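1. Next come a sequence and a model predicted from it.
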Amino acid sequence: MNPSSVMIVVLVVAVIAIAAIAFGISRKHRSQKLREHFGPEYDRVVKREGDVRKGEGVLEFREKRHQKFEISPLSSTDRSSFLYRWNDVQSRFVDDPKSAVTQADSLVTDAMQARGYPMGDFEQRAADISVDHPVVVENYRAGHAIALRHGRGEASTEDLRQAMVHYRTLFQELLDQPQSNRRSA
């Protein structure tokens, strides 16, 4: 091989090595960004998908889908109305916990819709809300799971109380209430 051929081979190898390093850094940065944004939801999705690349692909798809939504905060009138309805549902828990949980589930869905989230099946709603509320989406899943068990007659009163706590956590996030204005259940 002549010196110019050797130089070309060295340059090609160097370019490939630099591209591979850049790709690796880019993937690491992408993973870190998704992990920071989605928090525990990142781990849940990666575990469910069984592969980091597939899980990250699902999360990126959620973000792209979410960009098409017109999510907006509630007006002060709507926020007040939802708070009134929540307080009413919460106060009914003592006398009728089963009905209160059903109404809480419905109220969370109404608040999501009022904010601009599309209304698909439960799993799609949970995926959509995870982009803005990745930490509390697990509360939505847990509350909904209890509501489903309640529908089959398998939830205790304590389970129903826990469902209300889960729904309240997400509901407060949806209403975008400052921490100091939040009331406990």
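-> All right, it came through fine. In this text the structure is predicted, and so the values were computed from the model without any measurement.
2. buried residues in the longest helix seen in the chain?
-> In the chain, with assignment by DSSP state H, the single longest helix is helix 3-38. For helix 3-38, the buried set under the neighbour-count rule, 16 or more other C-beta atoms under 10 Å, comprises 31, 34, 35, 38. Every residue, glycine included, has its C-beta placed from N, CA and C.
3. now swap in stretch 92-101 and tell me
-> 93, 97, 100, 101.
4. start to end distance for that stretch?
-> End-to-end distance of stretch 92-101 (C-alpha to C-alpha, to the nearest Å): 10 Å.
5. Give me the residue at the spatial middle of this protein.
-> The structure's the chain has its C-alpha centroid closest to residue 130; by C-alpha atoms, centre = their mean the separation is 1.3 Å.
6. For residue 100, give its distance to residue 2.
-> 84 Å (C-beta to C-beta, to the nearest Å).
7. Next: residue 175.
-> 73 Å.
8. Name the residue in those two with the higher neighbour count.
-> Counting neighbours by other C-beta atoms under 10 Å for residue 175 and for residue 2 shows that residue 175 has the greater number, 20 against 7.
9. Tell me who's in contact with that one.
-> 74, 79, 82, 83, 111 (C-beta atoms under 8 Å, 6 or more residues apart in numbering).
10. Quick check: phi and psi on residue 50?
-> Dihedral angles of residue 50 (phi, psi; degrees, to the nearest 10) stand at phi 80, psi 10.
11. What's the per-residue pLDDT of it here?
-> With respect to pLDDT, residue 50 scores 93.
12. And it, how far from residue 59?
-> 14 Å.
13. ok, now residue 74?
-> Applying C-beta to C-beta to residue 74 and residue 59 gives a distance of 26 Å.
14. So those two - more neighbours on which side?
-> residue 59 (26 against 19).
15. helices or strands up against the helix or strand hosting the more buried one?
-> In this assignment (DSSP states H and E), residue 59 forms part of helix 52-67. Here helix 52-67 touches helix 3-38, helix 40-49, helix 122-132, going by 3 or more C-beta pairs under 8 Å, 6 or more residues apart in numbering; DSSP states H and E.
16. got the angle between the longest one and helix 40-49?
-> Right, the one you point to is helix 3-38. 110 degrees (axes from the mean of the first three to the mean of the last three C-alpha atoms, to 10 degrees).
17. For helix 3-38, which helices and strands make contact with it?
-> Using 3+ C-beta pairs under 8 Å, 6+ apart: helix 3-38 touches helix 40-49, helix 52-67.
18. can the ones you listed go into CSV with extra columns for distance to residue 8?
-> Shown next, in CSV, are the helices and strands packed on helix 3-38 (distance: least, C-beta to C-beta, whole Å):
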stretch, distance to residue 8
helix 40-49, 42
helix 52-67, 34
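19. Of all the ones you listed, which one comes closest to residue 169?
-> helix 40-49 (13.5 Å; C-beta to C-beta).
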